[in-house]
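Q: Attaching a predicted model along with its sequence, questions to come.
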Amino acid sequence: MVAVPAGVTVIEAPRPEQVPSSPAAGNEQSTYVPLRKRQRRNARAGPTTGQQQGRRSYRQLAEAAWKEAGEAGAALQADDEEIAALEKVPECFAESYLAFPGPSRVPLPALMEAAAKGAPEGVPPVPAVTSQDVDMKAWYTRMHDFFNLFVCGVGSKYAVLEAFGQQLRKNGKVVVLAGFSPIFVLSEALRGVLEQLYPDAKIDGSSVDSIATSLRLAKLAEGPHKRLFFIVHNLECLPEAHQAILAGLAATPGIRFAVSVDSLWAPLMLPSDTLAKFNFSREEVHTFAPYQVETAARRPNSRPAYSDPVNRMQQSSKASLGLVLKSLTVRHRELVQAIAEEQLENGGKTGLTFVKLLEVTTDRMIASTASKLRSLLNELKDHEVIVWKNAQDGGTVVHLNYSTRVLERLADGEEPDAESDDENNEAAE
């Protein structure tokens, strides 16, 4: 059993103490018995028949009470059914459910309805799958038959795909792309593949499209007899344009993909032409494993705010923003100014993706390569000047978590005044 991680608080629905008396109960007032207490009491009853009779008598009494109480009783009935459904949800569910933002979650009403129904009678529960349980030979056969693998299911598929990648090394070259990482840059990854596997290939331009085109041409020149496999963790975390570029690579002879997705809506998020190029073979793998690797990459220091219902902005006695910027180099201050200007153009609420920020810093001659920009951003993050935030599309953005007044002064190249320094912990909501 996986323990609920630190920073996650599970709040149970409030339970009423009493329900109004029913006509069948005479003048006595029936007391509401919590579900867990009823379960313990029924468990002590011994035979299953006794448990069923206890539940049946309680349900008859409760239904009469709810009918007598009218609207208030209907609310109590719904609350009792919700509690019963929650009892069927695994205890480790909170960690996986809260590990990723909204697009990756099952809607709560659907979850409660499925939990209340339970598994059909006579159907055994779905077993957890490990890498040893997967028929990787069959997977490779599908890839040999011009299919790419679309691995989905409940739980992290990271360990399964990594083990599959080790098997694929016997049949060709393997490239692993961590799509869930906030510092992942597709252009740099494909450039690295070209430099290591095809050092003589010519690269025309620095855009990700031109690099992908160069990689396709190099693979076509090599021939399809030498396989190149891509393992992509969390394809849905990549922008749609990058997904289309990878789909173009997947349509190249000799290149095969095995991708994992955790979003329930991932197949609907991919355009039809992208799906056609990928030519996926769907593989359902329910590992029920926690997202430890993915969460550690996306949230290395702490849990996201949405996973803690009682989370509050921490007010710390750190140095003022003005003092921190003075201690950094000119390039750091120019980078902060560029981020502030771009963020204000978007209303002050939306940050910048790494790719967009690299375009801005290249135009301003602050940082022309991803490695230089990443180094500057890491230093700003270490000094708590910037933060990484999750975007609505599942990606991550660089964000200055300050008030609009502070952003305006930073965009103008001015130092934050004393009053603004006192506001540097406020989020731009």
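A: That came through, no problem. Numbers count the residues shown, from 1 in each chain.
Q: Now the helix or strand harbouring Met143 - C-alpha only, CSV.
A: Using DSSP states H and E, Met143 sits in helix 136-144. Provided in CSV are the C-alpha atoms of helix 136-144 (Å, rounded to 0.1, in the frame of the first residue of the first chain):
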residue,chain,number,x,y,z
MET,A,136,7.6,-7.7,-25.0
LYS,A,137,8.2,-10.1,-27.9
ALA,A,138,4.6,-9.5,-29.1
TRP,A,139,5.2,-5.8,-28.7
TYR,A,140,8.3,-5.9,-30.9
THR,A,141,6.4,-8.0,-33.5
ARG,A,142,3.8,-5.3,-33.8
MET,A,143,6.5,-2.7,-34.3
HIS,A,144,8.1,-5.0,-36.9
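Q: could you point out which element follows that helix?
A: With DSSP H and E, the next secondary element past helix 136-144 is strand 148-152.
Q: got the CA coordinates for that next one in CSV?
A: Output in CSV follows, covering the C-alpha atoms of strand 148-152 (Å, rounded to 0.1, in the frame of the first residue of the first chain):
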residue,chain,number,x,y,z
ASN,A,148,3.8,2.1,-33.2
LEU,A,149,2.8,1.4,-29.6
PHE,A,150,0.4,3.5,-27.7
VAL,A,151,0.7,2.4,-24.1
CYS,A,152,-2.1,3.6,-21.8
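Q: mean confidence score for that strand?
A: Strand 148-152 shows a mean pLDDT of 94.
Q: Does Leu217 touch Ala201 like I think?
A: Yes. With contact defined as CB atoms under 8 Å, Leu217 reaches Ala201; the gap is 7.3 Å. From N, CA and C alone the C-beta is placed, and that goes for glycine too.
Q: can you count the residues close to Asp204?
A: For Asp204, the number of neighbouring residues by other CB atoms under 10 Å comes to 10.
Q: Check it and give its pLDDT.
A: 81.
Q: can you give me the strands in the stretch 301-429 of the chain?
A: 387-390, 396-399 (DSSP state E, counting those that start in this stretch).
Q: Figure out which of those is closest to Glu341.
A: strand 396-399 (13.0 Å; CB to CB).
Q: and that closest one, average pLDDT?
A: Here strand 396-399 scores 82 as its mean pLDDT.
Q: For that strand, which helices and strands make contact with it?
A: helix 354-363, strand 387-390 (3 or more CB pairs under 8 Å, 6 or more residues apart in numbering; DSSP states H and E).
Q: If we use 7 Å, what do you get?
A: strand 387-390 (3 or more CB pairs under 7 Å, 6 or more residues apart in numbering; DSSP states H and E).
Q: circling back to that earlier point, could you tell me the angle between the helix holding Met143 and strand 148-152?
A: 130 degrees (axes from the mean of the first three to the mean of the last three CA atoms, to 10 degrees).
Q: low-scoring pLDDT stretches of the stretch 301-429 of the chain, where are they?
A: 301-319, 390-395, 416-429 (pLDDT under 70).
Q: which residues in it form helices?
A: 321-327, 330-345, 354-363, 370-382, 404-411, 418-421 (DSSP state H, counting those that start in this stretch).
Q: which stretch among those helices comes nearest His286?
A: For His286, the closest of those is helix 354-363, at 32.5 Å, according to CB to CB.
Q: can you list contacts of the closest one?
A: Here helix 354-363 makes contact (CB atoms under 7 Å, 6 or more residues apart in numbering) with 183, 185, 335, 338-339, 342, 367-368, 370, 373, 398.
Q: Check those for burial and list the buried ones.
A: Among the contacts of helix 354-363, the ones that count as buried by 16 or more other CB atoms under 10 Å are 185, 335, 338-339, 342, 367, 370, 373, 398.
Q: Distance to Lys349 for the residues you listed - can I get that in CSV?
A: Below are those laid out as CSV (distance: CB to CB, whole Å):
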residue, distance to Lys349
Val185, 24
Leu335, 20
Ala338, 17
Ile339, 13
Glu342, 12
Ala367, 25
Ala370, 25
Leu373, 23
Val398, 13
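Q: Which single one of those is nearest to Pro124?
A: Val185 (44.6 Å).
Q: Give the helix, strand or coil label for the closest residue to Val175 other than its chain neighbours.
A: Leaving aside its sequence neighbours, Val175 sits nearest to Phe230 (CB to CB, 6 or more residues apart in numbering; 5.1 Å). Under DSSP: H, G, I helix; E, B strand; the rest coil, the three-state class of Phe230 is strand.
Q: which residues touch Phe230?
A: 175, 177, 255, 257.
Q: and the gap between it and Val174?
A: As judged by CB to CB, to the nearest Å, Phe230 and Val174 stand 8 Å apart.
Q: so where does Ile203 fall, helix or strand?
A: Following DSSP H and E, there is no helix or strand that holds Ile203.
Q: if I read this right, it contacts Ser214, doesn't it?
A: Yes. Contact criterion CB atoms under 7 Å: Ile203 and Ser214 qualify, at 4.8 Å.
Q: And the contacts of stretch 184-199?
A: Against stretch 184-199 from outside (CB under 7 Å, 6+ apart): 173, 175, 177-178, 201, 203, 208, 211-212, 214-215, 218, 238, 242, 245, 354-355, 370.
Q: can you rerun that using 8 Å?
A: 173, 175, 177-178, 201, 203, 206-208, 211-212, 214-215, 218-219, 222, 228, 238, 242, 245-246, 354-355, 358, 370-371 (CB atoms under 8 Å, 6 or more residues apart in numbering).
Q: Output it in PDB, but only the C-alpha positions, please.
A: These are the backbone C-alpha positions of stretch 184-199, laid out as PDB (Å, rounded to 0.1, in the frame of the first residue of the first chain):
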ATOM      1  CA  PHE A 184      12.800  18.900 -22.000                       C
ATOM      2  CA  VAL A 185      13.400  20.600 -25.300                       C
ATOM      3  CA  LEU A 186      12.600  18.600 -28.500                       C
ATOM      4  CA  SER A 187      15.000  20.600 -30.700                       C
ATOM      5  CA  GLU A 188      17.900  19.900 -28.500                       C
ATOM      6  CA  ALA A 189      17.000  16.300 -28.100                       C
ATOM      7  CA  LEU A 190      16.800  15.700 -31.900                       C
ATOM      8  CA  ARG A 191      20.000  17.700 -32.400                       C
ATOM      9  CA  GLY A 192      21.700  15.400 -29.900                       C
ATOM     10  CA  VAL A 193      20.400  12.300 -31.800                       C
ATOM     11  CA  LEU A 194      21.900  13.700 -35.000                       C
ATOM     12  CA  GLU A 195      25.200  14.500 -33.500                       C
ATOM     13  CA  GLN A 196      25.600  11.100 -31.800                       C
ATOM     14  CA  LEU A 197      24.100   8.800 -34.400                       C
ATOM     15  CA  TYR A 198      24.600  10.700 -37.700                       C
ATOM     16  CA  PRO A 199      27.500  13.000 -37.200                       C
END
